[in-house]
Structure formats: structure tokens, C-alpha cells
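In: sequence first, predicted model second:
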Amino acid sequence: MVDLFEPWRFWPALFVALEACPGAPPPFATLDSILLDLPTMELRVRGDDRGRGGVPVLIVAPLALHDSVIADFAPGFSLAATLDAAGPVAITRWRSATPQMRLLTIDSYLAELNVAVDELGGRAALVGLCQGGWLAAIYAARFPSKVAALALAGAPIDLEAAPSQIVSNVAATPAPLLQSYLAAFGGLAPGDHRRLVWTRAALDATAREALQREPTIAQQAAFDRWNAYTLALPGPFFSEATEWLFRENRLAQGRLRALGKVCDLAAIEAPILLLMAKGDIIIPPPQTLAIKALCPQAHISARMAEGVHLSLFMGADMLDGPWREIAAELAQAISRPRSSRCRARNVS
């Protein structure tokens, strides 16, 4: 294997070897209809939800390694199906970056997330998963009146709250080396960019750990297809996320600019629901839990469950237990009048 710090001229060959014929992820289990077709994403919903009333639940899927189908993987392993109890569900199905997307930034994704919320009626409960969690949190701080509730699972919010291998890897990667890496691929971070910052544990999670059940042959095959299909990211987006969040921790420090304004998490007034896994070594729970000290106006509830990082989003026990409780809390939050405010009431 080529070492990260060998000259970047070797990386294109490594990319070709690892990314050839990546196939495609398995299909979505329930979210079978495309409501919007945007440069960064498909906004997917369930076909028979069209016209269903109520404030929607928008899953802001992970935007780092894998396809968004993680949140609607299969019958019995679908977060989208569990959250249907709270209201009509939509998801950001992020696109793998193409050369035409090479200039897109965090602001580009936030702007299209805003278009998606407007298409859903102008107000939504956001459910941010992993890297989609910091994007959802930024959006909730930038557009607080558009967010009825915010649920975060395994989301990196304060990267200094606990050590992690990702943060260590970023700290050990000089910024010029990162820019050379992106330049080698025409301004994109290819699907195997995880080798730059992600831990080996992120690559080695098994289907049994993720699903919290012994998988059937069909489920194992679907998991292998999902795991093999990785997303390329626009270089500016990848660089900003790496530098601003993982190296400089700007979000937690109140120094991150989003769509022309400094993003202050203290502006969030909607209820915040947190879910963390005891065995999560990718995003250690304190990195998510730290948002409690950053949002004094929000009512915050937190849950810690058995499991690993991937099981937060597709594990049977997670979906049957804490996610059902979260769906019920989301339904209550959605039903409250917009003028109702919960202030300075953090609970664990």
C-alpha cells in the first residue's frame, strides 16, 4: 500500500486501482421517488407521501464516504421507515462529485439544503447523521426559524471534546499536502479519499456490527455493495470541512461563516435530540454531546446506546429502541406552535 506521505504523483495510480468498477449501492427500501434533482443531491421521498400534510422530517445523510442509502437500507433496517411515525420523510441523496462539481463549497451544499427545505414547505425537522450532522447543525443555526427540531446521531460538533483518530490524522497532514492531493485529481477528493483522514476501523466494520443482527446472504451482499461504493467530494468542500471543522474547530468556537454570516450554534432554539453509540470510535460521543454547552436556548435530550458508529444509522436495536423514542419526540416538537420556545432547559 502506498504511504500517505509518499509523493502525491503515486496517488492517481492508487485511485485507479482502488476505484475501478465501483458498482452501485443497493436501492432505497422505501424512499422511491425523486422530488428534486439538484446539482449536489436528489431529494428523495416516498411516493405515496406526496400530498401528505404536516411538517416533514428531512434526513441529512452522511456526506463523507458512503451513499445515503445507509438511512433506508432494507426492511427492518430503515431509519426512514422508523421516522415515518413523526411525519413525511425525505432524504438528501448526495451525488458523487464530478468534474463539473469541482468548485463547490460548504456554502454550495447549504444553499441547496435550503432549497430542499423550501420545497418541503419551508420548515422541517432535520435529522443529521455523522458528517451530515454538522451540516444540519450549521443550517439550524443559520436558519433557525426553518427548523422545527434537530436530531443528531454520531455527529462531529466539537472536535476538541475528545480525541479521535480522524482529528489526529488531519493534524498530521500538512495543508499543502492536502492541496497537492486534490490537485492530483483535478480538484476532487476521490471516493477513496477516506485513506487521507478516516480510520482503518471505518473501513473494517462488519455487516453484523452495523445491522446488529446476523445478516442474511442477501443483506450481506447489499451491505458489501453499499460499502464498496464510495463518493467523491468537491475539493473545496473537502478542504473546508477538513480545515475549518477538523483542524480549526470553528463550528464549536463560533467562528464558522455560513452563507455570509458567522454561524452561532447559540441561535438554535428548536429542540435538539442526540444519539450516540458507546462503541463509536469514529466520532466519540463527547464530540456530539458537546453541543449541550453551545445551545443555551434549546431543550436538549441525549441518549447513549450500545453499538458502533454504523449501527447508529442502520442497526435493528437502534431503530427499535432509541430511534422510535426520537421519532415520538420529533412528532411532539413538530406539533408545537411555531411561537412556542423552550429556553435554557438541557436534560440528559
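Out: Nice, thanks for sending it over. Not measured: the values here are computed from a predicted model.
In: please tell me how far Q332 sits from R255.
Out: Here the distance between Q332 and R255 works out to 34 Å (Cβ to Cβ, to the nearest Å). In short, each C-beta sits where N, CA and C put it, glycine included.
In: before we move on, what about Q179?
Out: Summarising the geometry, the distance separating Q179 from R255, computed by Cβ to Cβ, is 21 Å.
In: neighbours of V69, how many?
Out: Around V69 there are 26 other residues, counting by other Cβ atoms under 10 Å.
In: report the contact partners of the nearest residue to it once chain neighbours are set aside.
Out: Using Cβ to Cβ, 6 or more residues apart in numbering and skipping residues adjacent in sequence, the residue nearest V69 is P25, 5.0 Å away. Going by Cβ atoms under 8 Å, 6 or more residues apart in numbering, P25 touches 66-67, 69, 225-226, 229.
In: widest-spaced pair of those?
Out: Using Cβ to Cβ, the two most remote members of the contacts of P25 are H66 and R225, lying 10.7 Å apart.
In: more crowded one of these two?
Out: Between H66 and R225, counting by other Cβ under 10 Å, H66 is the more crowded of the two (23 against 17).
In: quick one: the more buried one and Y229, what's the gap?
Out: Computed as Cβ to Cβ, the H66 to Y229 distance reads 7 Å.
In: ok, now E243?
Out: Distance, E243 to Y229, by Cβ to Cβ: 27 Å.
In: cool, W323 as well?
Out: 24 Å.
In: now stretch 40-60: buried residues?
Out: In terms of neighbour count (16 or more other Cβ atoms under 10 Å), stretch 40-60 has its buried residues at 40-46, 49, 55-60.
In: pLDDT value on the residue nearest to L79 when sequence neighbours are not counted, please?
Out: Counting by Cβ to Cβ, 6+ apart, A71 is the residue found nearest to L79 once chain neighbours are left out, at 4.5 Å. Among the per-residue scores, A71 holds a pLDDT of 98.
In: need the helices for the stretch 51-200 of the chain, in chain order.
Out: Listed in chain order, the helices of the stretch 51-200 of the chain (DSSP state H, counting those that start in this stretch) span residues 79-83, 106-119, 131-142, 165-171, 175-184, 194-197, 200-204.
In: buried deepest among those, which one?
Out: Sort the helices of the stretch 51-200 of the chain by mean neighbour count, taking mean count of other Cβ atoms under 10 Å, and helix 131-142 sits at the top with a mean of 26.
In: over to A232: give its phi and psi.
Out: phi -80, psi 150 (degrees, to the nearest 10).
In: related to what we said a few turns ago, columns distance to A328 on top of the contacts of P25, output as TSV?
Out: Converted to TSV, these look like this (distance: Cβ to Cβ, whole Å):
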residue	distance to A328
H66	28
D67	28
V69	25
R225	33
W226	28
Y229	33
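In: of W323 and Y229, which one has the most company?
Out: A direct count of neighbours by other Cβ under 10 Å for W323 and Y229 places W323 higher, at 27 against 18.
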